[in-house]
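>>> Quick one: sequence plus predicted model below, questions after.
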Amino acid sequence: MALFGLGKTKNAFLGKISRAIAGKSIVDEATLDNLEEALISSDVGVETSVKLVGAVESFVKQNKYVSQSELQDIISRTLINILKDKAYGPASFSDSKPHVILVVGVNGVGKTTTIGKLSSYYKNQDKKVILGAADTFRAAAVDQLKIWSSRVGVDIVEKGMNTDPAAVAYAAVESGKNKNADVVIVDTAGRLHNKVNLMNELSKIKRVMEKVIPDAPHEILLVLDASTGQNALNQAIEFSKVTKVTGLILTKMDGTAKGGIALALSDQMNLPVRFLGIGEGENDLVPFNPEAFIKALLP
């Protein structure tokens, strides 16, 4: 439980489930409707909620009544079954060295901070990390990443503000190759409202990276703010139209009651949730494990 910082999400999730069946001697259609509404409002997502209600409905056809503990058990087992074959957690590194990670996400989701934490995570795995400050248009983004590089103790490649992001990305990957780094993590601008420009920029960054390492970037990680709930799912859909996202990182999990969105994203996007951000410290980024996550929500 402490691992994920899920106190608010757990309380909201269990509270809504318990209210959906409170005082019911039998589980009828109205109760199932209440349960579905409770799950959807917990940001589990419509498709996932329908699957969960279907599992509960199958159970009550035989038993007519379900206690809260039985309900939690059914939901927990169904969620684990839904997610058991999904990829999750940190990706395996490619054979090419360095392993190049491009990080995308709209402004305000905690993208640059997440990159700092990601560099700390890999440094703690005894990996040599280089950061690329290619979000060159947002005020203080480069300075923020420089602070993180100093804090964590990793190298950074930057060319200051208002420079060509692709030039920074190229230099970062080239530096990673020359210095025999294990990981290069490149920040990018997050201007989803102008999809054409963003698509062009990310395509250019990818092209210049390929000049140094043909199969780079090996990962494109999308950072999402869990506290925005369903809006995070919408962002994932929109970003997937702009570039080939390969994994997700959810931030601000510790301060929201909407952490159920991790389950919706895992189930519906067919994209692995790689990490969860659970605080402001450099070690407050933890690999996502759906079974542990579900057991923390439904003990």
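Looks like it arrived, so ask away. Numbering: from 1, shown residues only.

>>> Now residue 284. Nearest residue, chain neighbours left out?
Excluding the flanking residues, the one nearest residue 284 by C-beta to C-beta, 6 or more residues apart in numbering is residue 278, at 5.0 Å. Backbone N, C-alpha and C define where each C-beta goes, glycine included.

>>> Point out where the stretch 101-250 of the chain drops to low pLDDT.
Counting by pLDDT under 70, the stretch 101-250 of the chain contains low-confidence residues at 192-193.

>>> So for stretch 172-189, what gets flagged as buried?
Residues of stretch 172-189 classed as buried by neighbour count (16 or more other C-beta atoms under 10 Å): 172-177, 181-189.

>>> ah, wrong one, I meant stretch 234-245
By 16+ other C-beta under 10 Å, the buried positions in stretch 234-245 come out as 235-236, 239, 242-243, 245.

>>> Residues touching it, excluding its own?
104-106, 192, 195, 198-199, 202-203, 220-222, 224, 228, 248, 265, 269, 271 (C-beta atoms under 8 Å, 6 or more residues apart in numbering).

>>> nearest spatial neighbour of residue 224, skipping sequence neighbours?
Of all residues not flanking residue 224 in the chain, residue 232 sits nearest, at 4.1 Å (C-beta to C-beta, 6+ apart).

>>> Can I get the host helix or strand of that neighbour in CSV, CA atoms only?
Residue 232 is part of helix 230-242 when elements are defined by DSSP states H and E. Extracted in CSV, the C-alpha atoms of helix 230-242 (Å, rounded to 0.1, in the frame of the first residue of the first chain):
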residue,chain,number,x,y,z
GLN,A,230,-10.4,10.1,-17.9
ASN,A,231,-8.6,13.1,-19.5
ALA,A,232,-5.4,11.1,-19.2
LEU,A,233,-7.0,8.3,-21.2
ASN,A,234,-8.0,10.9,-23.8
GLN,A,235,-4.5,12.3,-23.9
ALA,A,236,-3.1,8.8,-24.5
ILE,A,237,-5.5,8.3,-27.4
GLU,A,238,-4.5,11.7,-28.9
PHE,A,239,-0.8,11.2,-28.5
SER,A,240,-1.0,7.8,-30.0
LYS,A,241,-2.3,9.5,-33.2
VAL,A,242,0.7,11.8,-33.3
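
>>> so how far is residue 167 from the residue nearest to residue 284?
When distance is defined by C-beta to C-beta, to the nearest Å, residue 278 is 35 Å away from residue 167.

>>> isn't residue 155 right up against residue 180?
No - using C-beta atoms under 8 Å, residue 155 makes no contact with residue 180, being 11.8 Å away.

>>> ok now do residue 289, which residues does it touch?
Per C-beta under 8 Å, 6+ apart, neighbours of residue 289: 88-89.
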